[in-house]
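Student: Sharing a model that was predicted from the sequence below.
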Amino acid sequence: MTSELTRDQAGPTGVSVRLGAVVKEFETETGELIRALDGLSLDVAAGEFIAIVGPSGCGKSTLLNILAGLDRASTGLVEIGGAPARGPHPEAGVVFQSDYLLPWRSVLDNVLLPIEIKGLDRKAHVPAAEQLLADVGLAGFGAKKPSELSGGMRQRAGICRAIIQKPGLLLMDEPFGALDALTREQMIIDLQALWLRLGNTVIFITHGIDEAVFLADRVIVLSPRPGRIDLDLKVDMARPRQWAEAHADPEFQRCIGEVRRCFERRGVLHRAQG
Ligand SMILES: Nc1ncnc2c1ncn2[C@@H]1O[C@H](COP(=O)(O)OP(=O)(O)OP(=O)(O)O)[C@@H](O)[C@H]1O
C-alpha cells in the first residue's frame with residue numbers, strides 16, 4: 001500500500017457517530033457494580049479520524065464494544081449514521097488487537113467471510129478481495145493459511161476483512177499493539193493511506209500517544225476509570241503525514257505535550273525527579 005493513494009470516489013463517505021451521556025456498568029459475580037464509563041458524550045463527524053487514548057482499564061474497549069454492537073450501554077444515547085444503534089451495525093467494520101482469523105480458512109477466504117455471512121455473491125467479490133490484499137502488500141498470499149503469515153501480515157489480512165465491504169465506520173481496538181516497532185510504523189502509514197482513500201469514519205483505540213497524534217484529526221483522552229473525556233484535542237497537521245517529519249513538526253509536539261500533561265495531572269504519567 002502506498003501513501004500516493006487518492007480518495008476513492010466510488011467508496012463510502014463515512015457515517016457520523018453520536019454518544020450522549022453514555023454510562024456502562026458491569027455487575028461482578030459478587031454483585032458489585034463496576035462503572036466503566038461515566039456519562040461519556042462525543043460527536044464524531046462523518047469521515048473523521050478519532051483516536052482514543054487512556055490508561056489501562058479506563059473503559060476504551062468497553063466503548064468500542066458498545067459502538068460495535070457487541071455490548072450495550074447501561075444508559076445514554078448511541079447513534080450511528082443518525083439512527084439509534086441496535087446490535088452490530090451493517091456500516092461498521094471491526095479490527096481487534098488479535099487478528100481472529102479462522103485458522104482453517106485461507107487468507108482470501110478469511111477476507112471474504114463477511115461477504116459469505118451476509119449471503120452475498122462470494123465469487124463476485126473475489127477480485128475486490130485480491131485487490132485489497134495486494135493494496136496491503138499481501139499479493140500472492142491469498143491461498144496461504146494464517147499460520148503461514150507473520151503477525152503483521154495477519155493483522156493486514158484482518159484489516160482487509162474489516163474493510164471488504166467498505167464500511168462507513170471502522171472501529172479499531174489497539175490493532176497494532178502486538179506488533180514490533182518497525183511493522184507498527186509501516187502499518188500506521190498504511191492505515192493513513194487507506195483512510196485517505198476510503199474516506200470513512202475511524203475510531204481508533206491505542207496506548208500509543210505518538211500513533212494517536214500522528215493518525216487522528218482529534219485525540220480523545222479518557223480519564224482513569226470510570227472513563228470520562230479529559231481532553232478533546234484537534235490535531236492541525238496537513239495530510240498525508242510522514243512519520244519522521246511529523247515528529248519534528250511543532251504542532252505534533254504541542255499535541256504530544258498536551259496529552260502527556262493530561263496524563264500527568266491524573267497521575268497516570270510521572271515526570272522524572274531531580
Ligand atoms: N464483563 C465485565 N465484567 C466486569 N467488569 C468488566 C467487564 N468488562 C470490563 N470490565 C471492567 O471495566 C473496566 C474497563 O474495562 P476495559 O476493558 O474497557 O478497559 P480498557 O481501557 O480497554 O483497558 P486496557 O487498556 O487495559 O485494554 C475495567 O475495570 C474492567 O475490569
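Tutor: Structure's in. What do you need? Numbering: from 1, shown residues only.
Student: how about the strands in the chain?
Tutor: For the chain, the strands defined by DSSP state E cover 17-27, 33-44, 49-53, 75-80, 83-84, 92-95, 169-173, 201-205, 218-222, 229-234.
Student: and Asp121, how many residues sit next to it?
Tutor: When neighbours are defined as other Cβ atoms under 10 Å, Asp121 has 9 of them. Bear in mind the C-beta positions are built from the backbone N, C-alpha and C, glycine included.
Student: Now stretch 206-219: buried residues?
Tutor: Applying a neighbour-count criterion of 16 or more other Cβ atoms under 10 Å, one finds 206, 208-219 buried in stretch 206-219.
Student: average pLDDT for stretch 83-90?
Tutor: Stretch 83-90 shows a mean pLDDT of 86 in the predicted model.
Student: what's the span of that stretch from first residue to last?
Tutor: 12 Å (Cα to Cα, to the nearest Å).
Student: Can you name the residues that contact the residue sitting nearest the centre point of the chain?
Tutor: In the chain, the residue lying closest to the centroid (Cα atoms, centre = their mean) is Met172, at 2.3 Å. Counting by Cβ atoms under 8 Å, 6 or more residues apart in numbering, Met172 makes contact with Val94, Val95, Val202, Ile203, Phe204, Ile205.
Student: What is the nearest of these to Phe26?
Tutor: Using Cβ to Cβ, Ile205 is the member of the contacts of Met172 that lies nearest Phe26, at 18.1 Å.
Student: Point out the residues in the chain that sit beside the ligand.
Tutor: 26, 28, 34, 36, 54, 56-62, 225 (Cβ under 6 Å from any ligand atom).
Student: and the two most separated of those?
Tutor: Checked with Cβ to Cβ, the residues of the chain next to the ligand reach their widest spread between Thr28 and Gly54, with 21.3 Å between them.
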